[in-house]
Each structure stands twice: as structure tokens, then as C-alpha cells.
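S.K.: Quick one: sequence and predicted model below, then my questions.
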Amino acid sequence: MIKLCLADNHPVVHYGMKVYFKENPEFSFVGVVNNLESLLDTLSKKDVDAAIIDLELEGLTSISAVKSLVKDFPDTKIVIFTNLAEQIYAPNALKAGIAAYVHKSAKMEELEKALKKVNDGEVVFSDAVKKNLALLNKGKKSERLYRKLSSREIEVLRYLSEGKKNKEIAKLLDLNEKTISTYKLRLLTKLHVTNLVDLVNKAKTLDIV
């Protein structure tokens, strides 16, 4: 039996996931949590084969936190299940060492298959992710601008697009405010814009945020 822990902000996801796997003898939930602190507590105290995690989980502010989960809990497979743009976040998440990346638009059967493959030692991500990555690799230079961005720059851009100020972002990412200003300048340069409004609009056009 594959022991699962679900970490997601939304009660409807908790309910739907538990209902779907309820009659499946191959899976059991040993934890269902709605923030990073509770996830860490569960992983520390219980035997978890796979943790299904939303990248927008409360308390999960950066890809660095995902890397830490992979490092601190090597016996638990980290499966990302999120709505965040696949072509942007999947590559960085996979580099962080996760076992699978499945977009929330996928059918539950696809997530189930991914969990089984992960339990067998495979590293998997959805067909949609593979297709998007392949298309972007063949796309025009303008469509691949996001590839110039580091995972940290993408995180800063995401928070800027949400209307957060430099001070707020610095606190979330545990960096100083000057560093955030530096990241903002790099983003303006790399995406060829001159102000924050155009930066956010460009990011949305490229589906970065």
C-alpha cells in the first residue's frame, strides 16, 4: 500500500482526493494538511511514501523549500500537483529533485498513474508538461525569454505580479530589500521592459505568472 500525504490549501481538493482514493486498496492517506508547517510535522512523525504538494501551499514561498523537502525526507517522493504554469515551474521543480509534476487540469487517473510510477522509482511529469516543454524548445526566441530567468527571478516576478512590495517579497524569501531591487532590475533588463507595469504584462503574455 502506498501511503500518501496531501498538502493543499483548498478543502475541496482535500475532499475530492480522499473520495477518489477511498475505495482503492493500493493507497491510503496518512495525512491531509493545508500549510508547510503541518506538512513538515507529518513527514517528521509518519511514514509517508509520497507527498502530493501544491506549489502555492501556505508557507511554501520558494523552490528552495521544495529542495529542502527532497533533501530532508529522502524516503518520501515529492509529487507536485499545482495550477502554476507548467512550462515555467516544471523544469525548476524537476531540477530540485521532485519525483513528479502533474498539473491540476489533468484527470485524477493521470495523478494515480504518476503516483504508482513514482512508487516504482520513476521520475514522471504529465504529457501536458512534456508537450509544452517540447513546443517551447522549438518556439521563437521571444517565446523563450523565460528560459533566461533563474528560479529565484521567477519567484520574485510572481510576487511582483501579485502586487507585493519589495519589502514584503524580501520577508517571504528571507532576503534583504536591496537584493529584491537587484532582482527587479535584472527582470526589467531580461524581459526588455522599463517599468513594473510592463514587466507584469510581459510576464502574463509569456505565461510566466
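M.R.: Noted; the coordinates are in hand. Owing to the predicted nature of the structure, the values given are computational and were not obtained by experimental measurement. Numbering: from 1, shown residues only.
S.K.: Do me a favour and average the pLDDT over stretch 67-75.
M.R.: Regarding stretch 67-75, the rounded mean pLDDT is 94.
S.K.: And for stretch 37-54?
M.R.: 97.
S.K.: How is the chain partitioned into domains?
M.R.: 2-133, 141-205 (automatic domain parsing).
S.K.: Next, the closest residue to Leu84 other than its chain neighbours: secondary structure please.
M.R.: With Cβ to Cβ, 6 or more residues apart in numbering as the criterion, Leu84 has its nearest non-adjacent residue at 5.0 Å, and that residue is Leu55. Every residue, glycine included, has its C-beta placed from N, CA and C. When classified by DSSP: H, G, I helix; E, B strand; the rest coil, Leu55 comes out as coil.
S.K.: what residues are up against Leu55?
M.R.: 66, 80, 82, 84, 89, 93 (Cβ atoms under 8 Å, 6 or more residues apart in numbering).
S.K.: let's see 7 Å
M.R.: Residues counted as contacts of Leu55 (Cβ atoms under 7 Å, 6 or more residues apart in numbering) are 80, 82, 84, 89.
S.K.: coming back round to it: where among the domains of the chain is average confidence lowest?
M.R.: For these, the weakest mean pLDDT is recorded on domain 141-205, namely a mean of 84.
S.K.: Please report how far the residue nearest to Leu84 lies from Asp72.
M.R.: Leu55 sits 18 Å away from Asp72, going by Cβ to Cβ, to the nearest Å.
S.K.: ok, now Asn35?
M.R.: 17 Å.
S.K.: okay, those two: which has more neighbours?
M.R.: Asn35 (15 against 11; other Cβ atoms under 10 Å).
S.K.: Spatially central residue in this protein, please.
M.R.: Leu55 (3.4 Å; Cα atoms, centre = their mean).
S.K.: number of nearby residues for Lys164?
M.R.: 16.
S.K.: Tell me the buried residues in the helix or strand where Tyr15 lies?
M.R.: Tyr15 is located in helix 11-21, with elements delineated by DSSP states H and E. Using 16 or more other Cβ atoms under 10 Å as the test for burial, helix 11-21 gives 13-14, 17, 21.
S.K.: Distance to Tyr183 added to the residues you listed, as a markdown table?
M.R.: Formatted as a markdown table, those follow (distance: Cβ to Cβ, whole Å):
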| residue | distance to Tyr183 |
| --- | --- |
| Val13 | 31 |
| His14 | 34 |
| Met17 | 35 |
| Phe21 | 40 |
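S.K.: now, which of those residues sits nearest Glu153?
M.R.: Val13 (28.7 Å; Cβ to Cβ).
S.K.: List the buried residues of stretch 166-177.
M.R.: Buried-residue list, stretch 166-177, by 16+ other Cβ under 10 Å: 166, 169-170, 172-173, 175.
S.K.: Likewise for stretch 26-36?
M.R.: 27, 29, 31-34, 36.
S.K.: Which members of those residues occur in helices, if any?
M.R.: Leu36 (DSSP state H).
S.K.: Could you single out the nearest of the buried residues of stretch 26-36 to Glu153?
M.R.: Leu36 (22.0 Å).
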